[in-house]
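> quick one, structure for this:
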Amino acid sequence: MTSYHINPVKIAVVGDVHEQWENEDAIALKQLGVDLVLFVGDFGNESVEIVRRIAALDLPKAAIMGNHDAWYTASDWGRKRCPYDRNKEDWVQEQLDLLGETHLGYGYLDFPQFQLSVVGSRPFSWGGEVWKNQEFYQERYGVNSFGESVERIVAAAQSAAYETIIFLGHNGPTGLGDKAEDPCGRDWQPLGGDHGDPDLAEAIAQTQALGKNVAFVTFGHMHHSLRHTKEQRRKAIVASPEGTVYWNGASVPRIIQTETNRLRNFSLVSLEANGVSQISLVWVGQDYSVVSEQVFYQRPEAVEVQPVYS
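Numbers count the residues shown, from 1 in each chain. This next block holds a predicted model:
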């Protein structure tokens, strides 16, 4: 097995924001001691002000846009409901301008301090096996099909400086299961079916074939709370035989108010020399202490075999 050098890094994944980002979130991230913050999108319905706050976060970060971030622009349905004059304003572009190089749709960002690169998948994804919003993708990115989308993602991965890659998407890839409770499973009627992004799945496979180390793939879009039942929650984690760990970080709502506290959640990911070692979901209180932590993944450690002497 090829070994790759990765400096230890503590990553925070911020699940679908949906207008829930406050100044306290930035303080909480610093109190948690994270090194890198990854945003999986859906900041709001083209919510420029929320994106402005996130762009001001003074930590190494990367982000990708979700379907809600082009809610009034990407589709005919959305344009009919647009609350602003599209001839005078472009809230999608305003968000992209605010994020600058930290928005990784069809792009990448190298992090020399961690010896890794973060690569963005197709931005503004709605998920599924149908190529949606063709006019939007053609105008914004010159992309007309899943095949062309794969080419753009793989080109970004090839251009990245480091052999260790984190893929950042709004929606996850196909291939993680077709049950309603799977990471990208369809939880509306008819129940079941893999609603992942086929272009992301193919891009990951091609990147691995190039010899790159795809250590971690993170995304959101499909919320942990299932639409059709309150009895169970979505499966959020998959670890592949190749060593890639897939994490759906969309714990929504990410901020809740209790009778005595205001709680906000983050996914914490520990990445070490041989890949992801742990993933947990933490809830932080208004005093910035961790109120609860649920460990979703711990890397199986090799069992030391003692020699037997006869």
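
> quick one: residue 215 is in a strand?
Yes - under DSSP: H, G, I helix; E, B strand; the rest coil, residue 215 sits within a strand.

> quick check: it vs residue 20, distance?
28 Å (Cβ to Cβ, to the nearest Å). Quick note: C-beta positions are derived from backbone N, CA and C, even for glycine.

> of these two, which one has the most company?
Using other Cβ atoms under 10 Å, the more surrounded residue of residue 215 and residue 20 is residue 215, with 22 against 19.

> would you list the phi and psi of the residue nearest to the more buried one when sequence neighbours are not counted?
Take residue 215 and drop its neighbours on the chain: the residue closest to it by Cβ to Cβ, 6 or more residues apart in numbering is residue 275, 4.8 Å away. Here is the backbone geometry of residue 275 (degrees, to the nearest 10): phi 110, psi -160.

> so what's residue 275 up against?
6, 213, 215, 216, 243, 245, 299 (Cβ atoms under 8 Å, 6 or more residues apart in numbering).

> now the helices for the stretch 151-300 of the chain?
Per DSSP state H, counting those that start in this stretch, the stretch 151-300 of the chain carries helices over the ranges 198-209.

> ranges for the strands of it?
164-168, 213-219, 237-239, 245-248, 255-257, 262-272, 275-284, 290-298 (DSSP state E, counting those that start in this stretch).

> if you count contacts, what does the third one end up packed against?
Spelled out, it's strand 237-239. Here strand 237-239 touches strand 245-248, strand 290-298, going by 3 or more Cβ pairs under 8 Å, 6 or more residues apart in numbering; DSSP states H and E.

> pull the number of nearby residues for the residue lying closest to residue 234 once chain neighbours are set aside.
Spatially, and ignoring its direct neighbours in sequence, residue 234 is nearest to residue 224 (4.8 Å; Cβ to Cβ, 6+ apart). Counted with other Cβ under 10 Å, residues neighbouring residue 224 total 20.

> would you mind listing the residues in contact with residue 224?
Residue 224 neighbours (Cβ under 8 Å, 6+ apart): 233, 234, 236, 248, 250, 251, 252.

> and the pLDDT at the residue sitting nearest the centre point of the chain?
Nearest to the mean C-alpha position of the chain, counting by Cα atoms, centre = their mean, stands residue 219 at 2.7 Å. You'll see residue 219 listed with a pLDDT of 98.

> wait, doesn't it sit right on residue 170?
Yes - assessed by Cβ atoms under 8 Å, residue 219 is found in contact with residue 170 at 6.2 Å.
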